[in-house]
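> Could you work out the structure for the sequence below:
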Amino acid sequence: MQQNKRSSPSAARVRKWLDDLDSELLIGARRAGLIEHPTLIGNAREFLVRRCLSAILPASVTVGSGRILAATGESKQIDVVIYDSRFPCLRFSDGESLFFREGVVAAIEVKSSLDASGLFKALDNTKSVLELGFGIRPKPLSIAAGPTNAELLRYLAPSAYIFAFDGINDYRQLGNGIAEWLNQIEHSEPRAMLPNLVVSGACAAYKWDDALTLQQDQNPMDDEWMASFATSHRFGWLAAHLLYAVERRIMDHPNRLGVDLTIMNHCPIMEYAREAFTDKHRQSIGIKNAARD
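Next up, the predicted model:
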């Protein structure tokens, strides 16, 4: 996705809306005790869903919690599951659900406070989603070459997020924690097991993907899979990437015209990234090496 160096007027308008939401949610989270004091996961999850996700998600998706089911297995318990409402799911009387992997748009682990052990547990939970297989049925009349496995993973894999209101507030500590976890897991595709975004207090870590196309001096190095950095846009990063995830998975594209509709020109994620990486205060995260500046 190509982006101009200057944001569009619509992106500036959306950014102001997200920045205002950021401020409101931060005040609300403090009042609810989600930042200063540890609280129940249910309280943090309810606050995030009610105050943030409901403000940006379209009616075509539903939000729940539970486990994700695939032909190859089942995920761990997931705090927030964003699901394409065109797919069925199995709902239980206690409010939990069993979601079919093919309909999952995103999975979010929500914490009121995140420490090193909590980070490892959250990463294990999102990994349990990302390593699930999915069912596809090729179109019988299609004459075009089928997609590669990499393309299928790119477009059909759910997005995964870890969101903590407080806890690890230094981007170096966050990067080192993710790198330590990454170097311990055994998987043929370790990069694919990383969540798209981890937000913890005043820092975040982002897995490089098509949502970002930066200037040459800000682009990732060859072995850089993820980058951690300081940010004040804790809700903004999550909301902006969710816009990308929803577009990628459920928007109807008029492919017969040879074009795709995109809302990403209105999204401020590029501006967030340029600001976060301008002074090169980011820490690289890759396989079999310590996170590094």
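> For the closest residue to residue 103 other than its chain neighbours, which residues are in contact?
Spatial nearest neighbour of residue 103, chain neighbours left out: residue 87 (2.8 Å); criterion: C-beta to C-beta, 6 or more residues apart in numbering. C-beta here means a position set from N, CA and C on the backbone, and glycine is covered the same way. Residues in contact with residue 87 (C-beta atoms under 8 Å, 6 or more residues apart in numbering) are 100, 102, 103.
> got a winner among the residues you listed for most neighbours?
The most crowded member of those, judged by other C-beta atoms under 10 Å, is residue 103 (22 neighbours).
> Hmm, residue 90 and it touching each other?
No: at 11.5 Å, residue 103 does not count as touching residue 90 under the criterion of C-beta atoms under 8 Å.
> in the chain, which spans are helices?
Assigned by DSSP state H, the chain shows helices spanning 9-31, 41-48, 54-56, 116-130, 149-156, 171-182, 234-250, 269-277.
> what's the weakest-modelled helix or strand in this protein?
One helix or strand of the chain scores below all others by mean pLDDT, DSSP states H and E: helix 149-156, with a mean of 65.
> Could you check how far residue 163 is from residue 179?
Using C-beta to C-beta, to the nearest Å, residue 163 is found at 20 Å from residue 179.
> actually residue 65, not the one I typed
From residue 65 to residue 179 the distance is 29 Å (C-beta to C-beta).
> Counting neighbours, go ahead and name the busier of the two.
Per other C-beta under 10 Å, whichever of residue 65 and residue 179 has more neighbours is residue 179, with 24 against 20.
> these two touch, right, the more buried one and residue 225?
No: counting by C-beta under 8 Å, residue 179 sits too far from residue 225 to count as a contact (9.7 Å).
> can you list residues touching both of those two?
Counting by C-beta under 8 Å, 6+ apart, the common neighbours of residue 179 and residue 225 are 285, 286.
> one step back: phi and psi next, for the residue nearest to residue 103.
The phi and psi torsions at residue 87 (degrees, to the nearest 10) take the values phi -100, psi 150.
> Bridging across strands, which residues link to residue 229?
In this entry, residue 229 is beta-bridged to residue 204, residue 282, by DSSP bridges.
> Next up, the contacts around it.
171, 203, 204, 205, 206, 276, 277, 281, 282, 283.
> tell me the contacts of the third one?
Applying C-beta under 8 Å, 6+ apart, we find residue 204 in contact with 171, 174, 197, 198, 228, 229, 231, 234, 237, 276.
> Point out where the stretch 1-150 of the chain drops to low pLDDT.
Residues of the stretch 1-150 of the chain that meet the criterion pLDDT under 70 lie in 1-7, 32, 34-42, 135-150.
> Fine, thanks again, bye for now.
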